[in-house]
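Engineer: With the input below, show me the fold.
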Amino acid sequence: MNKVVSGADEAVRDVFDGATIMVGGFGLCGIPENLIRALVKKNVKNLTTISNNVGVDGFGMGLLLANGQIRKHIGTYVGENKLLEQMVLNGQIELQLIPQGTFSERIRAAGAGIPAFYTPTGVGTVVAENKETREFDGRLYLMEHALKADFALVKAWKGDKWGNLVYRKTARNFNPMMATAAKVTIAEVEHLVEPGELDPDTVHTPSIFVKRIFQGELFERRIERRTVRKAS
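Structural biologist: Below is the predicted model of the structure:
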């Protein structure tokens, strides 16, 4: 029941070349910073990454990109990463962009054991190319397949030694659904507590989904784009 490991390096010990990895977060919010740095240090190659975007230049998943570790990325937008844009245009990386709601549901479906589902999103666009369609109640829908991974790297606010997780505010984002959709889910937390300290009603990810957990050492919590009100 005790799933605690010494740190990020031990947590990613069995991540292999060519693995498919889900990485939680939205932009730079709620990303597993320690686990990403550990992957860079491990220098695994030819990864397929599944995440909302690829961070920014020099931080977050941008570190994996700059180190040449990502072969293919599946996400919802290019974001603020100029290197990703350049690599896509030069044919150095394969990029698959998915409508954000469909992206979220494909991950959730994998966690729920649903192999595919139908959605109206993308009908009549390039999103629909080479996909099965079916009509329901006079409306055309696309069939989308579930998205699953070998590993899910997630970041939570609090977690106990059994692997129960609590996320904080918008840092929750894609983390809970990704935690259910991989063979091995690894969680880094800001606060690691003893079993029984978390109110069961506040737990977002039950321990059954988590294989390893550790308390992170450094969280920069960068802001991707700061927007402030103009002075009056």
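Engineer: And the strands in the protein?
Structural biologist: For the chain, strands defined by DSSP state E occupy the ranges 20-23, 47-50, 70-75, 94-97, 116-119, 133-136, 139-145, 149-160, 165-166, 182-193, 212-215.
Engineer: Residue 32 is nearest to which of these?
Structural biologist: Each of those was checked against residue 32 via Cβ to Cβ, and the shortest separation belongs to strand 149-160, namely 4.2 Å. C-betas here are computed from N, CA, C, even on glycine.
Engineer: CA atoms of the closest one as CSV?
Structural biologist: Coordinates of each C-alpha in strand 149-160 appear next as CSV, following Å, rounded to 0.1, in the frame of the first residue of the first chain:
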residue,chain,number,x,y,z
ALA,A,149,-0.6,5.6,-22.5
ASP,A,150,2.2,3.5,-21.0
PHE,A,151,2.8,6.2,-18.4
ALA,A,152,0.8,9.1,-16.9
LEU,A,153,2.8,11.8,-15.2
VAL,A,154,0.5,13.9,-13.0
LYS,A,155,0.9,16.7,-10.4
ALA,A,156,-1.3,17.1,-7.4
TRP,A,157,-1.4,19.5,-4.4
LYS,A,158,-1.7,16.9,-1.7
GLY,A,159,-1.4,13.1,-1.7
ASP,A,160,-1.1,10.4,0.9
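Engineer: For it, give the mean pLDDT please.
Structural biologist: For strand 149-160, the mean per-residue pLDDT is 98.
Engineer: Buried by neighbour count: which residues of it qualify?
Structural biologist: Of the residues in strand 149-160, those with enough neighbours to count as buried (16 or more other Cβ atoms under 10 Å) are 149-160.
Engineer: Which one of those is nearest to residue 9?
Structural biologist: For the buried residues of strand 149-160, the minimum distance to residue 9 (Cβ to Cβ) is 13.2 Å, reached by residue 153.
Engineer: What lies in contact with the longest helix along the chain?
Structural biologist: Using DSSP state H to define each element, the chain has its longest helix at helix 100-112. Counting by Cβ atoms under 8 Å, 6 or more residues apart in numbering, the neighbours of helix 100-112 from elsewhere in the structure are 22, 50, 52, 74-77, 98, 115-117, 119, 121-122, 127, 144-148, 174, 177-181, 209.
Engineer: swap in stretch 9-19?
Structural biologist: The contact list for stretch 9-19, computed with Cβ under 8 Å, 6+ apart, reads 5, 21, 35, 38-39, 41-42, 44-48, 71, 150-151, 153, 184, 186, 188, 212, 214.
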